[in-house]
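Colleague: sequence plus predicted model, see below.
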Amino acid sequence: MENQTIVYTLVLAGLSDLPSLQLPLFLVFLLIYLITLTGNLLILLLIFTDSHLHTPMYFFLGTLACLDMSYSSVTAPRMLFDLLIVRRDITVPACITQIYFFFFFAISEAFVLAVMSYDRYVAICRPLHYMLLMSWNICVQLVSGVLVFGAVHSLVHTLFLTKLTFCRPDALQSFFCDLPQLLQVSCSDTFINKLLIFFSGIMFGFVILVVTFYPYVTIINTVLKIPSRNMRAKAFSTCSSHLTVVFLFYGSFFFNYLRPNAKYHFTEDKVASVFYAILTPFLNPLIYSLRNQELKASLRRSSHRCIGG
């Protein structure tokens, strides 16, 4: 370390270095970000204003919408700003802070998706006990526990990041401070940090993923036994929306964090980062609004009230 100068400012590579692409990319991702905010805000507005949606399922969906907006807002504004400037500097403390909030919202979303699986299991397989097992007190406790765990887990990662030093002029091959790319430009020993990523991957890849998918074994068997075709279609519609969101979230996340030898796969890294940091929260409200019959019915009722007013 004697011959190396410690740096306190890092450089983000951004999405593209081609000046001709900067403005088109800015306009495209600005539109995506605005649609993300609008779609999730619309879902929240419908849940708050429509008494038909005052159920545990939509309480969790509203929580997911809040997390999606926050999750996207950690990265998108900075990315849009960087598309309009030439040199994309960011201080090390700001970089670590961005990683903390990104991890906090991402981990919280993973747990909320698992809780939503349990909610669907109780609603479909144990409907007579639904309001007992999913009372409002239990729902609030589940979401509160998720947020506390997400905050603590993210804090552990960021505390170990504060121990690292940076002395390389290499740019972070991402449009935001993503953990794998940040570790690549550190001149400290990152073994503990990589071990934390590994154990987090084990926890999310096996424990939470099993908790998320296991209820669907019973759910599918129960739904297939429902005599009413309309009830079966409604149950499958709700479950398929949730499963689609889960596949999008976990697939892109694991691709970036758990694949080996990704050091020189800069293009793949950026594509994966764009997908799970920008496109997933953009697609979630579209998936739920297009496939959820109750949300579409609520939107129609709200439209009729506005037109009638």
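Modeller: That came through, no problem. Residues are numbered from 1 along each chain as shown.
Colleague: in the chain, which spans are strands?
Modeller: Secondary structure of the chain (DSSP state E): strands at 9-11, 89-91.
Colleague: pLDDT of the last one, averaged?
Modeller: This means strand 89-91. Mean pLDDT, computed over strand 89-91, is 90.
Colleague: can you count the residues close to residue 299?
Modeller: 17 (other C-beta atoms under 10 Å). Just so you know, the C-beta spots here come from the backbone N, C-alpha and C atoms, and that holds for glycine as well.
Colleague: grab the most central residue of this protein for me.
Modeller: residue 106 (4.4 Å; C-alpha atoms, centre = their mean).
Colleague: what's the pLDDT at the residue found closest to it once you drop the neighbours it is linked to in the chain?
Modeller: Residue nearest to residue 106 in three dimensions, not counting chain neighbours: residue 71, with 6.3 Å by C-beta to C-beta, 6 or more residues apart in numbering. For residue 71, the model assigns a pLDDT of 89.
Colleague: for residue 71, give me its contacts.
Modeller: By C-beta atoms under 8 Å, 6 or more residues apart in numbering, residue 71 lies in contact with 102, 105, 106, 109, 277, 281.
Colleague: isn't the first one up against residue 176?
Modeller: Yes - the pair residue 102 and residue 176 passes the contact test of C-beta atoms under 8 Å, sitting 7.4 Å apart.
Colleague: can you list residues touching both of these two?
Modeller: 74, 75, 277.
Colleague: sort out which residues of the lengthiest helix in the chain are buried, please.
Modeller: Longest among the helix segments of the chain by residue count, using DSSP state H, is helix 92-125. For helix 92-125, burial by neighbour count (16 or more other C-beta atoms under 10 Å) applies to 92, 95-96, 98-124.
Colleague: give me the mean pLDDT for stretch 229-238.
Modeller: Here the average pLDDT along stretch 229-238 is 77.
Colleague: ditto for stretch 100-107
Modeller: Stretch 100-107 comes out at a mean pLDDT of 92.
Colleague: what sits up against it?
Modeller: By C-beta under 8 Å, 6+ apart, stretch 100-107 touches 67, 70-71, 74-75, 149-151, 153-155, 157-158, 176-179, 204, 253, 276-277.
Colleague: neighbours of residue 237, just the number please.
Modeller: 14.
Colleague: residue 158 now?
Modeller: Neighbour tally, residue 158, other C-beta under 10 Å: 17.
Colleague: can I assume it is in contact with residue 99?
Modeller: Yes - using C-beta under 8 Å, residue 158 makes contact with residue 99 at a distance of 6.2 Å.
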